[in-house]
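Q: predicted model follows, preceded by the sequence.
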Amino acid sequence: MSWLRSCFLRMALVCIALTSCSSLFSKGQPSPVYDVRSAVVLAGPNMPAPLLAGVGDRVNAAINATVRTNVYPRVILTIRILSAEKGQGYNGRQYIAKVTVDAASVEDGSVIAVSSFSVTSLSNNKAAADEILAEDIAGRIRSIFSLNAGHA
């Protein structure tokens, strides 16, 4: 009798554990989708021009490559590169950028979405580091705003 009771308790514990795990893997509400019309990149005076141009070209190419079949709120992205640190890490190959993206409504100009993130890139080639970091920033923005990859 105690053997049957212990089997029942084990099965109950397994069921409870599986139920709690399924809530971890279930998808929540989908993130909002926007019809991105344009993007502008802003930064301070000491930001490398290839980084700014690279992000702007890649994001705008992705905007042009994305076709929305449904009607979504139309927005314009303001991408602010707050900082870009070169030669970080123990071997000086890490490049870190802090970025904030605002999505402003085309209709009234109000900011309806804000995203802030950091991007870390690795590069052995210092000459290509800005381009690699620009691609990583643009890739993150494409992911956040569900944009197709375009050709810069």
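A: Perfect, I can see it now.
Q: each with direction, which strands does the lengthiest strand in the chain pair with?
A: When the chain is parsed with DSSP state E, its longest strand is strand 74-88. Paired neighbours of strand 74-88 in the sheet (DSSP bridges): strand 35-43 (parallel), strand 94-105 (antiparallel).
Q: of all these, which one is nearest residue 49?
A: strand 35-43 (9.6 Å; C-beta to C-beta). Just so you know, the C-beta spots here come from the backbone N, C-alpha and C atoms, and that holds for glycine as well.
Q: which secondary structure elements does the following helix or strand past that closest one contact?
A: Using DSSP states H and E, the next helix or strand after strand 35-43 towards the C-terminus is helix 49-65. Contacts defined by 3 or more C-beta pairs under 8 Å, 6 or more residues apart in numbering; DSSP states H and E place helix 49-65 against strand 35-43, strand 74-88, helix 129-144.
Q: let's see 6 Å
A: Judged by 3 or more C-beta pairs under 6 Å, 6 or more residues apart in numbering; DSSP states H and E, the packing partners of helix 49-65 are strand 35-43, helix 129-144.
Q: give me the contact list for it.
A: Helix 49-65 has contacts (C-beta atoms under 6 Å, 6 or more residues apart in numbering) with 36, 39, 41, 43, 130-131, 134, 137-138, 141-142, 147-148, 150-152.
Q: how does it look with 7 Å?
A: Contacts to helix 49-65, defined as C-beta atoms under 7 Å, 6 or more residues apart in numbering, come from residues 36, 38-39, 41, 43, 77, 79, 81, 84, 130-131, 133-135, 137-138, 141-142, 147-152.
Q: with that, I have no additional questions.
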